[in-house]
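> Show me the folded form of this:
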Amino acid sequence: MERTGVNLEMTDPAQLRAAAEIPELGIEEVDASAAPTVCQLYKEIWADGGGRSGWSAGQWEKELSPKEIRTWVANVADRPVGFAEVGWQRNGHVVIVVIGVIPEFQGRGIGGDFVSRITALAWRPPTTRVWLWTVPDEHPHTVPNYLSRGFRVTDRGNEAD
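Purely as a prediction, here's the structure:
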């Protein structure tokens with residue numbers, strides 16, 4: 001199945017327009033041992049069964065193990081409500097591979113704050129570009145959230161699922 005997506009990027013940390021901070025939102029960097037939590041969160045966030053919904057915790061552990069991959073879990077009142085997988089590339093580029101919040105916590109500003117915090121972490125030197133690929137129809141606020149944070153569309157294209 002092919003999905004039409006959109007590439008977005010920032011090329012300067014000054015482009016980041018942070019969302020309002022949500023005081024109850026905490027983020028914690030985790031390692032590959034958090035794969036069962038990440039696996040469950042992915043299934044909750046993308047309940048339609050697409051993408052990596054069929055992955056096992058073992059597949060997630062392998063995905064999150066390389067040293068250039070860093071992962072954060074978003075928590076509200078000690079409950080995991082989202083996660084972000086971020087990859088550091090050798091050319092100074094950083095890709096937000098996956099980021100999302102479970103549906104029960106969407107619409108509260110948590111996604112905007114989470115994207116803001118993860119993007120700020122991605123801009124730690126020697127980063128020269130932060131980018132991502134997303135599917136606009138996954139959620140109506142997906143692309144508007146990234147645009148509001150300062151990302152700009154670079155092109156549209158397909159990804160083979």
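
> can you tell me which residues contact Arg156?
4-7 (CB atoms under 8 Å, 6 or more residues apart in numbering). To be clear about C-beta, it is placed using only N, CA and C from the backbone, and glycine gets the same treatment.

> Specify the local secondary structure of it.
strand (DSSP: H, G, I helix; E, B strand; the rest coil).

> Tell me what it is bridged to.
Per DSSP bridges, the residues bridged to Arg156 are Val6.

> For it, give its distance to Gly26.
Look at Arg156 and Gly26: by CB to CB, to the nearest Å, they are 35 Å apart.

> got it, and Val73?
Counting by CB to CB - Val73 and Gly26 are separated by 9 Å.

> Name the nearest residue to the most centrally placed residue in the chain, sequence neighbours excluded.
Residue closest to the average C-alpha location in the chain (CA atoms, centre = their mean): Ile99, at 1.9 Å. Closest residue to Ile99 apart from its sequence neighbours, by CB to CB, 6 or more residues apart in numbering: Ala84 at 4.1 Å.

> Give the next helix or strand downstream of the helix or strand where that neighbour lies.
Under the criterion of DSSP states H and E, Ala84 resides in strand 79-88. The helix or strand immediately downstream of strand 79-88 is strand 93-101, counting by DSSP H and E.

> So in that sheet, which strands flank that following strand, and in what orientation?
As assigned by DSSP bridges, strand 93-101 forms pairs with strand 79-88 (antiparallel), strand 129-134 (parallel).

> residue ranges with poor pLDDT in the protein?
Residues of the chain meeting the criterion pLDDT under 70: 1-3, 49, 157-161.

> quick one: the helices in it?
Along the chain, the segments classed as helices by DSSP state H run 35-45, 57-64, 110-122, 142-149.

> which of the ones you listed is buried the deepest?
Stretch with highest mean neighbour count among the helices of the chain: helix 110-122 (a mean of 22; mean count of other CB atoms under 10 Å).

> one step back: neighbour count winner among Val73 and Gly26?
Val73 (18 against 15; other CB atoms under 10 Å).

> For that one, which residues are in contact?
Val73 is in contact with 27-28, 30, 34, 37-38, 41, 80, 82-83, counting by CB under 8 Å, 6+ apart.

> neighbour-wise, which of those leads?
Neighbour-wise, those (other CB under 10 Å) top out at Phe83, 29 neighbours.

> Val38 is in contact with that one, correct?
Yes: look at Phe83 against Val38 with CB atoms under 8 Å: they come within range, at 5.3 Å.

> Give me the common contacts of these two.
Residues touching both Phe83 and Val38 (CB under 8 Å, 6+ apart): 71, 73.
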